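K.L.:
All I have is the shape, not the residue letters:
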């Protein structure tokens, strides 16, 4: 074979010079397309996880507000003036913890909740300050049925409404 690996006549007049660059370019394009798909999938997965966390955190705060309201000493019930009070309520002379920790809003950078106030300045609920569009639009548990078809996370309000005589 005269020191050559393959005889030139096998390739005819086809030149194989410059083959590496187009192959590398094709590899970069295919990798980029694949990574865009993975990024979109990962982004959607993370948003769904944040939505689940939002539902859990909001419900915990709503339940804590209800507990605070129901455990108000005396006949005249009241809502908390601050979410921090839910972790350390001393109104009855003993410490009552309606929340173990203050849950954050997972949809915003600062984690701060918007507040739904009663007419006297008490907090009767919270909501996300995010104007993002929810992925979840249907199939909510009964307690969240009013979240169906909402256009923004800020419309997901976790509010305690006492029943008559409560």
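P.N.:
Perfect, I can see it now. In this text the structure is predicted, and so the values were computed from the model without any measurement.
K.L.:
what pLDDT does the nearest residue to residue 158 once chain neighbours are set aside get?
P.N.:
Once flanking residues are discounted, residue 158 sits nearest to residue 58: 3.6 Å by C-beta to C-beta, 6 or more residues apart in numbering. No exception for glycine: its C-beta is placed from N, CA and C like everyone else's. On pLDDT, residue 58 comes in at 96.
K.L.:
Name all residues that make contact with residue 58.
P.N.:
Applying C-beta atoms under 8 Å, 6 or more residues apart in numbering to residue 58 gives the contacts 103, 126-128, 156, 158.
K.L.:
so the residue most central in space within the chain is in which element?
P.N.:
Nearest to the mean C-alpha position of the chain, by C-alpha atoms, centre = their mean, lies residue 50 at 2.1 Å. Using DSSP states H and E, residue 50 sits within helix 20-70.
K.L.:
Looks like the residue nearest to the centre of the chain contacts residue 105 (just checking).
P.N.:
No: contact criterion C-beta atoms under 8 Å: residue 50 and residue 105 do not qualify, at 9.6 Å.
K.L.:
where's the lowest-mean-pLDDT helix or strand in the chain relative to the chain centroid, distance-wise?
P.N.:
Lowest mean confidence among the helices and strands of the chain (mean pLDDT, DSSP states H and E): helix 20-70, at a mean of 90. On the basis of C-alpha atoms, centre = their mean, to the nearest Å, helix 20-70 sits 8 Å off its chain's mean C-alpha point.
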